[in-house]
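K.L.:
Could you look at this predicted model? Sequence included:
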Amino acid sequence: MPAPRMYKTEAIVLRQRRFGEADRFLTVYTPAHGKMDVKARGVRKTTSRMSGHLQPLTRCMLSLAQGHVNDVVTGCETLESFQPLREDLERLSRALYAVELIDRMVPERVQGFPTYRLLTETLRRLVDQCGFRPDLDACVGCGSALEPVENFFAPLSGGVVCRGCLGGLTGTRVLSVNGLKVLRLLQRGSYNDVVRIRMDGELADEVERHLRNYVVTVLERDVNSAAFIERLRREGARQTVEV
Ligand SMILES: [Zn+2]
């Protein structure tokens, strides 16, 4: 059997999922090979030296062996970890949103140098930005501490409002007591805490709706992000036509 072809490529990890006992599948975005799924063996073992380099949002240099279906990661080295993105809910949400857009919009295995550069620049810009964090402690209307009762998430006002301050606001949604607790944990916890949270389906849906609503509101307000989305749409359209 001939030895598998080996190659190296720069990549940004878009997402990862478990596979078997100790392996993961990674969806990575590369400049020359576009988006692809690769297999990383043994990275869930605590002794793995690779796992820290393969977290979502990391830009890394991957060594790969060509496989029958998926290529296999044989080594990796972090080029940029974008660590500050993992320490702030708002920046993390935006970064994950950017990565999700890429994941959804670009086809597999189509080279995309401009889009890759755009994603790298976006992640760098998000690192540089001062976070705008939703206020989850006091009502953004009257300033009183939030009671452990049903409140309302008001992304356009930048936080949570109590029932008494709800009148006249648009885009608000009911925020349950547990939903507020999870949002606080998301805001204050590290990336590792966040990925470990276990929620039942209803609560997970609620939190996801609030986060999505918040990220979309923030992105729409932010001219840079709006321009980013517009450029991405154009790149995505051009690439799809080229396939
Ligand atoms: Zn209030």
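P.N.:
On my side now, so go ahead. Predicted, not measured: the structure shown is a model, and the values here were computed from it.

K.L.:
Who are the contact partners of Cys162?
P.N.:
Counting by Cβ atoms under 8 Å, 6 or more residues apart in numbering, Cys162 makes contact with Cys139, Gly141, Cys142, Ser144, Leu146, Glu147, Asn151, Phe152. (Each C-beta comes from the backbone N, C-alpha and C, glycine too.)

K.L.:
do that again at 7 Å, thanks
P.N.:
Neighbour list for Cys162: Cys139, Gly141, Cys142, Ser144, Leu146, Asn151 [criterion: Cβ atoms under 7 Å, 6 or more residues apart in numbering].

K.L.:
how about the residues of the protein that lie near the ion?
P.N.:
Cys139, Gly141, Cys142, Cys162, Cys165 (Cβ under 5 Å from the ion).

K.L.:
So the first one is in contact with Cys165, correct?
P.N.:
Yes - checked against Cβ atoms under 7 Å, the pair Cys139 and Cys165 is within contact range at 5.6 Å.

K.L.:
which one of these two has more residues nearby?
P.N.:
Higher neighbour count among Cys139 and Cys165: Cys139, with 23 against 20, using other Cβ atoms under 10 Å.

K.L.:
Tell me the bridge partners for Gly75.
P.N.:
Judged by DSSP bridges, the bridge partners of Gly75 are Ser63.

K.L.:
Shouldn't Glu206 be within a helix?
P.N.:
Yes - the assignment for Glu206 by DSSP: H, G, I helix; E, B strand; the rest coil puts it in a helix.

K.L.:
For the residue most central in space within the chain, which three-state class applies?
P.N.:
For the chain, the residue nearest the mean C-alpha position is Leu96 (1.6 Å; Cα atoms, centre = their mean). Here Leu96 is recorded as helix under three-state DSSP.

K.L.:
what's the distance between it and Leu211?
P.N.:
9 Å (Cβ to Cβ, to the nearest Å).

K.L.:
got it, and Leu89?
P.N.:
Note on Leu89: its distance to Leu211, by Cβ to Cβ, is 8 Å.

K.L.:
between the two, who's got more neighbours?
P.N.:
Legend: neighbour count by other Cβ under 10 Å for Leu89 and Leu211, higher for Leu89 (24 against 21).

K.L.:
Does the more buried one touch Val182 like I think?
P.N.:
No - when contacts are counted by Cβ under 7 Å, Leu89 is not listed as touching Val182 (10.9 Å).

K.L.:
can you list the residues that contact stretch 42-62?
P.N.:
The contact list for stretch 42-62, computed with Cβ under 7 Å, 6+ apart, reads 8-16, 18, 22-24, 26, 28, 40, 73, 76-82, 85, 95, 99, 120, 123.

K.L.:
All set, thanks.
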